[in-house]
Structure formats: structure tokens, C-alpha cells
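Trainee: just coords:
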């Protein structure tokens, strides 16, 4: 099975007044067709930037991106325009990602118009209605405006818009973070159904670990622009190796009073991503840091088949 | 004055009277809190959690907000009968509040020193220098070095700003602390630090707390009692064990727990609660949850259920449980 998306040594730096901000630093992964890669990390770890660079919404600083075997790194705007039919995005905030002056029907139909699909008005309206049915939006909302709808329905509009061009690959940037839990579950189920029916491939960006476990085949954990661990969802929760992953998982409050597990409390907070010093970015907060961690960048290595980790002291951390 | 329940909220009803209609934000909510206890107010957006907090603080914006009925008895006195001046003396001193968003709760043009000592000087007769010394102590207490006392909020990270907000709230050693989603805006590892710290301070200072949140995991860790709210009403109320492990539950509570992906189990599909929260301007005639409830019966549509006690201290507002008793 070929990979739909392959990313090699991808880098994205931003120039700021105080230096180079390393938002994404040497990230390598691939997503097989029809699968979901979850990308987790805390705010500022570069996960949203990664999603945008993959979609060509931001130019990369280094590295390569392959989509369906083709190198699409920094290709021209026209070429990317064509690619957008296959690659779409669902945004985090269903409040700011919809144009408040467009009706629901216009928002969902706009991509069709841009690509000249369904040129006739009637055909387009038919397609819009079909999309609304697919995402579970009542057709009476076709002439409503976003402000008249609640968050869950708005997010369904965002999903319908992303689906309108029948894409193969969708970057989901925190699609459920702004929603209440009972609505969140509805949207997650919808996304799973759509994946099965349309054979979609997702890159699912979130900070919510229980959501990512639920929806992903593979999970990548990021810390300050670098990937620290990549493996299957099951493996990540049963046999995680990186000290940061361990701390992150232990920090989730469990909705149960029986199994409050031992929490690994991290000292301090994220260090600055601007002109980072060489060495492991997590070293200052790590309980297992050795002098080597402050000098050399840890390389990503395959610790066991399919399980990648970037840490100098994996063995010490897992005793 | 009963020693046991130093805060008692009885039948609190708060409406917002707008031009478009009356929003029934809080309807007949009752709960009580003993010294040193923590109550979790859990519910989704629009359930009325924050309005209750504002009601206790007597800060409901009026107009359009109006406290229609009820009593809030704090240390034997009804807060709703207090004059604005008396209330100002209580706020920030005996009762204080941690707001949800640390980014907007702090004044961006004042130093942290000014903001912490402001509340101290308002309530205690201390000199400027003494207040500053106390402010430094508070900052150290929440785990920030006192050297940073003259910094401005923008120089702190999100987690540290929330610590500053907590320092302000605790500065006068309040007996009741209302925390409105104190960790929602924070990352999980930072959230873990803040939760750990709040738990420790609560023990040290013997503060009672009302914790408003939608995160059932945070509740499991911090609370002694839980009130599950839906559309302005407390639908289930009891000790932490009753809610998390008890035998009987309100259908909404069941739905709420079922909708969270479980980290320790593999489930293919989640079980969401169908439908949406009712419009608070047009609540159903009977049970508010009835349109979304999988167990609804004819009487649910016409008759609002009353709270039924299923075991001592554990009440459920649902017709399913009224029958068994009758």
C-alpha cells in the first residue's frame, strides 16, 4: 500500500524581530491512504503550522512533501490550486472560519463555483443539499447565516465545505476543540463515517489526547517543533517510550475516581522556539536528561518496528 | 447559624430579561457546601454555571439579569439582602473568584505587584510597603519567584498568568473561592501543575471551593460533591462517589459520560447525546432534557420532574426515579 502523503525532513522557520522561530523542525512521516494520523502536542508545538505547510498554505523552509508520489514542495500557486481539489482543511474555530455575510448554501457551494463544477445553479443547489444531508444538516438552513446556528452545526458546515470537492486528504485542525462534549461525540462519529464511506485520509491535529486516541491509526507527538514519538495509537498508550509522552499522558485528568494514576509533574514551561539551542528541546524539563541531551539533537530512530522515538536516553527512561 | 453548611443556595432563579424574550438561565437551583469542601458544577455551554457564580458574587449584570427568587446564605447571612457597599466588602475578601480566561482577567497596563496589592489594600489596613510584601508572599505561594513582582502580565506565559490570578483571589485568605473553568485555557501539562497547586493550597488554607468546569476528569480529581447542570437546572447532585460510581443516574449524566472517549478502553464509536441543548428562551414544558432523552415517557413532556432522593444526599431530577419511590 502506497502512502498518500509523505513528508521528509520538513522545516518551517519564521523570521521574527528577535531571531528565527523554529515552528516546525525536521519532521518526517507518511500517511497511508484511508488512514488517520493524529498529531498531538501542546500549544506552540508547531502542529497547526505543520498542517498549513503540508497544504501549501505556508511555504516550507526546507524538506520535501510528496502527495500521491508527486513532489509538491513549494510548487507554484496554479499547481496548488489544482491540488486543492484533493486536499482540504477543516478549521478549528467554527465561528471565525465561516464568512458571516454568506448563507450556508453559498459557503458550501463556493468551492464548486471556484472550480467550475456544477455550473448551473440548480445542479449546484442539488449538490449543496446532498452535502448537507451527508453531514447531517437540515435543509431548512440552506438560506440561514452562520450566526444563526450553534457551534456544532457550524462545524458541520465547515465539514460540508471541505467535502464539496470530493477530496482525498483532509487536514483537520482541532475540529472539535470548540465544541461541548455531547456535540463533540456527534462530530467525531460523523467524521469516522465519512472516512469509511469516502475512503478519506485524515491528518488530525489536536491537543486532546482522548480524542486523538479514539480517531487515529497512528499518532505523532510533537514538542517545540520537533517530533518526539511516532507509533500506532495502541502502542502509544500501552508502550510509550519518550519521557515527554509519558508526562503528557499522565497529566490527563481521568473521569474516574478509581484509577488516579501516578502523575509525572513536569517542571517549568515550554522554552522559547526562537533560535533554540542545540540539543533536545525537552531536556530542561526532563527527569532523565544527561549532558549529552544539551549538546546533540536526538535523532529519530526506530526503537521497535513502526515505533519511532527521538531521545538519547530511551533505555534509562523506561526502566 | 449551622456550622456544617456555611454556604447554602436555595431555589436560586436568575433570568435575563432581554428585548427578544426572557432567558431562563438558572431555575430553582439549590446546593450546599461545608467548610473545606469542594463542589463541582458540571455542565455544557449555556447550562447556567457561570450565572450561578455571578449570582453568588452578586455580580449578575442588571439589566438584563435579574435574580428572581431564592436565597444565598453565606455564613448565616443572606447575600441577596446585602447592600452594594456591604457586598463590596465581602467580594475579594471572604468570597473571591478565579475567572476563566487569565489573558483577559488581568489589567495589561498595571504591574502584577499593583494588581495583587490592590485587593490586599482594599480589604486590610496595610501600608503600601506591607501590602507589597504580602503580594510577594502570595506570588511565591503560587510558585512564581518574587523577583518578577514588577513585571507586567504580557511578560508571563498563560500558565503563570493563571497563577497570578489565583494569587489575587487568595490574597485575602477567602473562606469561599469560586473558580470558573480555571484550567480550561491551559495545556495539559500546565493544567496538571495548576491543579496540583490548587489542591495543595486548598488544604493549607482550608478554603471551600466551587469549581465550575465541563471536564469530568478535573472534577474527579478535585471535588467532594458534584452538581450536574442542564439548561439551568441541577439534574443530578450528590457526593463524588454517587455521581461516578453510584447505581442510579440521570439520563443526561449517563450521556455525558458516554460521550467522552475513554482512554483505557477501545471503542469504535462514541455514543453522543442526540440533538441539541434547548433554547433557554423557550424551554420545554416538561423536563428540559426530554427531547434528547432515550427513556422519555408521556409524563416527561408535560410535567417538570422534581428532585428525587435515590440515596441519602444523592438526588436526581427525573421521572424515572419518582415512580420507584411511589
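Mentor: Nice, thanks for sending it over. Please read these numbers as outputs of a predicted model, since none were measured by experiment.

Trainee: from residue B:176, how far off is the closest residue to residue A:91 other than its chain neighbours?
Mentor: Closest residue to residue A:91 apart from its sequence neighbours, by CB to CB, 6 or more residues apart in numbering or on different chains: residue A:97 at 3.7 Å. (Glycine included, C-beta is placed from N, CA and C.) Distance, residue A:97 to residue B:176, using CB to CB, to the nearest Å: 40 Å.

Trainee: sorry, back to before: thought the residue nearest to residue A:91 was touching residue A:157?
Mentor: No: using CB atoms under 8 Å, residue A:97 is not in contact with residue A:157, being 9.2 Å away.

Trainee: right, and chain A sits closest to which residue of the stretch 201-326 of chain B?
Mentor: residue B:217 (3.0 Å; CB to the nearest CB).

Trainee: does that residue touch residue A:251 like I think?
Mentor: No: counting by CB under 8 Å, residue B:217 stays clear of residue A:251, with 10.2 Å between them.

Trainee: residues of the stretch 1-150 of chain B that sit close to chain A?
Mentor: The stretch 1-150 of chain B comes close to chain A at residues B:44-45, as judged by CB under 8 Å from any CB of the partner chain.

Trainee: ranges for the strands of the stretch 1-150 of chain B?
Mentor: Residue ranges of the strands in the stretch 1-150 of chain B, as given by DSSP state E, counting those that start in this stretch, are B:5-18, B:21-34, B:38-42, B:65-74, B:77-78, B:95-98.

Trainee: thinking again about what came up before, okay, residue A:97 and residue A:157: which has more neighbours?
Mentor: The neighbour count for residue A:97 versus residue A:157, taken as other CB atoms under 10 Å in any protein chain shown, is higher for residue A:157 (24 against 18).

Trainee: who's in contact with that one?
Mentor: Contacts of residue A:157 were listed using CB atoms under 8 Å, 6 or more residues apart in numbering or on different chains, and they are A:94, A:98, A:104, A:107-108, A:135, A:137, A:146, A:149.

Trainee: now do the same for it: helix, strand or coil?
Mentor: What DSSP: H, G, I helix; E, B strand; the rest coil gives for residue A:157 is helix.

Trainee: quick check: phi and psi on the residue positioned nearest the centre of chain A?
Mentor: The centre of chain A sits closest to residue A:205, judged by CA atoms, centre = their mean, with a distance of 2.3 Å. Main-chain torsions, residue A:205, degrees, to the nearest 10: phi -100, psi 130.

Trainee: flag the shaky bits of the stretch 201-326 of chain B, pLDDT-wise.
Mentor: B:323-326 (pLDDT under 70).

Trainee: that one: helices as residue ranges?
Mentor: B:216-222, B:240-245, B:251-258, B:298-302, B:319-325 (DSSP state H, counting those that start in this stretch).

Trainee: dump those helices to a markdown table, plus mean neighbour count.
Mentor: Shown next, in a markdown table, are those (neighbours: other CB atoms under 10 Å in any protein chain shown):
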| stretch | mean neighbour count |
| --- | --- |
| helix B:216-222 | 22 |
| helix B:240-245 | 18 |
| helix B:251-258 | 21 |
| helix B:298-302 | 14 |
| helix B:319-325 | 15 |
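
Trainee: which non-adjacent residue is nearest residue 296?
Mentor: All of this refers to chain A. residue A:279 (6.1 Å).

Trainee: that was the other one, I meant chain B.
Mentor: residue B:290 (5.0 Å).

Trainee: pull the contacting residues for residue 319.
Mentor: Defaulting to chain A. Counted by CB under 8 Å, 6+ apart, residue A:319 has zero contacts.

Trainee: not quite, I wanted chain B
Mentor: B:287, B:297, B:299-300, B:303, B:305.

Trainee: for the stretch 201-319 of chain A, what lies in contact range of chain B?
Mentor: A:207, A:209-211, A:213-214, A:234, A:237, A:247-248, A:250-260, A:263, A:265-266, A:269-270.

Trainee: could you do the stretch 1-150 of chain A as well?
Mentor: So the stretch 1-150 of chain A meets chain B at A:42-43, A:150 (CB under 8 Å from any CB).

Trainee: mind putting the residues you listed into JSON lines with secondary structure and neighbour count?
Mentor: Formatted as JSON lines, those follow (DSSP: H, G, I helix; E, B strand; the rest coil; neighbours: other CB atoms under 10 Å in any protein chain shown):
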{"residue": "A:42", "secondary structure": "coil", "neighbour count": "21"}
{"residue": "A:43", "secondary structure": "coil", "neighbour count": "13"}
{"residue": "A:150", "secondary structure": "coil", "neighbour count": "16"}
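
Trainee: find me the pLDDT at the closest residue to chain B within chain A, would you?
Mentor: Of all residues in chain A, the one sitting closest to chain B is residue A:253 (3.0 Å; CB to the nearest CB). In this model, residue A:253 is scored at 84, pLDDT.

Trainee: ok, the residue nearest to residue B:194 when sequence neighbours are not counted to residue B:288 distance?
Mentor: Distances taken as CB to CB, 6+ apart place residue B:183 nearest to residue B:194, at 5.4 Å, with adjacent residues excluded. As judged by CB to CB, residue B:183 and residue B:288 stand 28 Å apart.

Trainee: now do residue A:299
Mentor: 57 Å.

Trainee: neighbour count winner among these two?
Mentor: Using other CB under 10 Å as the criterion, residue A:299 and residue B:288 rank with residue B:288 on top: 25 against 10.

Trainee: report the contact partners of that one.
Mentor: For residue B:288, the contacting residues are B:230-233, B:278, B:304, by CB under 8 Å, 6+ apart.

Trainee: tabulate those residues in JSON lines, adding columns for neighbour count and distance to residue B:111.
Mentor: Output for those, formatted as JSON lines (neighbours: other CB atoms under 10 Å in any protein chain shown; distance: CB to CB, whole Å):
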{"residue": "B:230", "neighbour count": "27", "distance to residue B:111": "42"}
{"residue": "B:231", "neighbour count": "24", "distance to residue B:111": "42"}
{"residue": "B:232", "neighbour count": "26", "distance to residue B:111": "40"}
{"residue": "B:233", "neighbour count": "24", "distance to residue B:111": "43"}
{"residue": "B:278", "neighbour count": "18", "distance to residue B:111": "46"}
{"residue": "B:304", "neighbour count": "17", "distance to residue B:111": "51"}
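
Trainee: tell me who's in contact with the residue lying closest to the residue of chain A closest to chain B once chain neighbours are set aside.
Mentor: Spatial nearest neighbour of residue A:253, chain neighbours left out: residue B:217 (3.0 Å); criterion: CB to CB, 6+ apart. When contacts are counted by CB under 8 Å, 6+ apart, residue B:217 touches A:252-255.
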